[in-house]
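S.K.: I would like to see how this sequence folds:
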Amino acid sequence: MKDEIHPQTLDSSEQPRNALDRLIYWFGNLISLLFIFTVGISFYEVLMRYIFNAPTIWVHETASFLGGCLFVYGGIYALAINKHVRVVLIYDIVSDTTRRWLNVFHHIMGLMFTSLLSWAAYQMVQDSWFTPFGDLRLETSGSAWDPVFPALVKGMIFATLCIMFVQFFLHLIQELNGLRKRKDV
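M.R.: Below you'll find the predicted structure:
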C-alpha cells in the first residue's frame with residue numbers, strides 16, 4: 001500500500017540516500033507511534049472531563065507538545081525520503097540532467113534557508129533556555145501545570161533545522177557527484 005511507507009514500497013527516488021537519511025527514516029517510523037499515544041491521552045482527557053467530571057491539567061499541553069515535535073520532525077523525514085514540496089509541473093517535464101541541476105539549486109537554496117532559520121532558532125532557544133546572566137532556566141508554559149514544553153519545542157526546532165542543514169549539504173554533495181559521473185561517462 002503506497003500510503004504506508006516501508007522501505008520495500010518506496011520507489012528508488014524515495015529511498016533514503018545516505019546513512020543520515022536512513023537513521024532519520026528509521027527513527028521517524030519509530031516515533032510515529034507517539035501519534036497513537038497522543039490520541040490515547042486525548043481520549044483519556046475526554047473520558048475524564050465529560051464522563052467523570054474530572055478534567056486533567058496535563059493532557060492538552062502534552063498532546064500539543066508531542067504533536068508539535070512530531071510535525072517538526074516531519075520536515076527532516078520528508079527530506080530524507082525525497083517527499084518534500086517541489087513544483088512538479090516544471091520538475092516532471094524536464095530532462096534528467098535539468099532535473100539534477102534543479103536539485104542542485106534546491107539544495108543550495110535549502111542550505112541558505114536552513115542556515116538563516118537555524119540562526120533565528122538559536123536566538124529563540126537562547127532566550128528560552130537561559131537567563132540574561134547565562135543561568136539555565138527553561139521557559140515554561142505559564143499554565144497551572146507549567147511544564148517546560150515551550151523551551152523543549154524551541155530546542156527541537158533548532159536541532160531539526162541543524163540536521164536539515166546537514167541533510168541539504170549531503171544531498172548537494174551527492175547530486176554534484178552524480179552530475180560529475182554523468183559527464184565522465
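S.K.: Show me what the helix or strand bottoming out on mean pLDDT in the chain is packed against.
M.R.: Sorting the helices and strands of the chain by mean pLDDT, DSSP states H and E puts helix 88-91 at the bottom, at a mean of 82. For helix 88-91, the packing partners by 3 or more CB pairs under 8 Å, 6 or more residues apart in numbering; DSSP states H and E come out as helix 96-129. In this view, the C-beta of every residue, glycine as well, is placed from N, C-alpha and C.
S.K.: Mind giving me the packing neighbours of the helix it packs on?
M.R.: Helix 96-129 is packed against helix 88-91, helix 149-184, with contacts defined by 3+ CB pairs under 8 Å, 6+ apart.
S.K.: For that helix, buried residues please.
M.R.: Buried residues in helix 96-129, defined by neighbour count with 16 or more other CB atoms under 10 Å: 100, 102-104, 106-107, 110-111, 114, 117-118, 121, 124-125, 128-129.
S.K.: returning to that earlier point: most packed of the helices and strands packed on helix 96-129?
M.R.: helix 149-184 (a mean of 17; mean count of other CB atoms under 10 Å).
S.K.: Which strand or helix spans the spatially most central residue of the chain?
M.R.: With distances taken as CA atoms, centre = their mean, Tyr73 lies nearest the centre of the chain, 2.4 Å away. Element membership for Tyr73 (DSSP states H and E) is helix 59-80.
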